[in-house]
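J.: Attaching a predicted model along with its sequence, questions to come.
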Amino acid sequence: MLVVKDIVRSVPQGRAGGSLYRMRLYDVVTGAKVDETFKDSDMLTLADLTRREAMLSYIDGDEYVFMDNEDYTPYNLNKEAIAEEIQFVNEETQGVHVIVIDGSPVGLDLPSSVELVVEETDPSIKGASASARSKPARLSTGLTISVPEHISTGDRIRINTAEHKFMGRAEK
């Protein structure tokens, strides 16, 4: 069983035919990543999946355990399966959904933005809010992104999860 992680559509030039779709797929069983190309006429079988809202409960070795917000079902996800998504998740992150296929958790669906705390960055520069320059900042999850110079260590900021970009200071 494969889960689609990314899709890029390309349209061939001239009269060559329909669109092509390059997909990055993730094998749920083995954890292997596979790149495949499909024509717009190809038929794929879709699995029955559900999305369950959950929060990170604890980490057990290479397993991240998420707790269902409604019925408290624990979902164990391997670190490798959610390596990219886990950079945006901590115990306080709201709006995270566990993707469940045939009763087994296979991945995470993140909200469009999350709030995280800046753990380490260069000191802020007075009057830098007018500047467009940026500096690296390490967040509470270990993710490093570029932030404006006026952001300080300890600030709570919003990050776009799709683009890995700073969006602004979080509302208090």
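T.: That came through fine.

J.: Closest to the centroid, which residue in the protein?
T.: With distances taken as CA atoms, centre = their mean, the residue of the chain nearest its centroid is Glu85 (3.2 Å).

J.: Would you check that it makes contact with Leu108?
T.: Yes. Using CB atoms under 8 Å, Glu85 is in contact with Leu108, at 4.2 Å. The C-beta positions use only the backbone N, C-alpha and C, and glycine is treated the same way.

J.: If you average pLDDT per helix and strand, which one of this protein comes out bottom?
T.: Sorting the helices and strands of the chain by mean pLDDT, DSSP states H and E puts strand 2-10 at the bottom, at a mean of 84.

J.: Could I get the buried residue list for the helix or strand that comes right after that strand?
T.: Later in the chain than strand 2-10, the nearest helix or strand by DSSP states H and E is strand 20-27. Using 16 or more other CB atoms under 10 Å as the test for burial, strand 20-27 gives 20-21, 23, 25-26.

J.: to the chain's geometric centre, what's the distance from the top strand by length along the chain?
T.: As assigned by DSSP state E, the longest strand anywhere in the chain is strand 49-60. Counting by CA atoms, centre = their mean, to the nearest Å, strand 49-60 is centred 13 Å from the centre of its parent chain.

J.: Give the partner strands of it in its sheet and their orientations.
T.: Sheet pairing for strand 49-60, assigned by DSSP bridges, gives strand 63-68 (antiparallel), strand 97-101 (antiparallel).

J.: what's the closest non-adjacent residue to Gly107?
T.: Ile99 (4.5 Å; CB to CB, 6 or more residues apart in numbering).

J.: repeat for Ile125
T.: Glu149 (5.0 Å).

J.: does the residue nearest to Ile82 when sequence neighbours are not counted sit in a helix or strand, and which one?
T.: Nearest residue to Ile82 in three dimensions, chain neighbours excluded: Leu108, at 5.1 Å (CB to CB, 6+ apart). Per DSSP H and E, Leu108 falls inside strand 104-109.

J.: Could you point out the helix or strand that follows that strand?
T.: Defined by DSSP H and E, the subsequent element after strand 104-109 is strand 113-121.

J.: And for that next one, what's in contact with it?
T.: 88-90, 92-93, 95, 135-141, 143, 147, 151-161, 167, 170 (CB atoms under 8 Å, 6 or more residues apart in numbering).

J.: hmm, 6 Å instead?
T.: Residues from elsewhere that reach strand 113-121 (CB atoms under 6 Å, 6 or more residues apart in numbering): 88, 93, 137-140, 153, 155-156, 158-161, 167, 170.

J.: same check, this time on stretch 41-54
T.: For stretch 41-54, using CB under 6 Å, 6+ apart, the contacting residues are 66-69, 97-101, 109.
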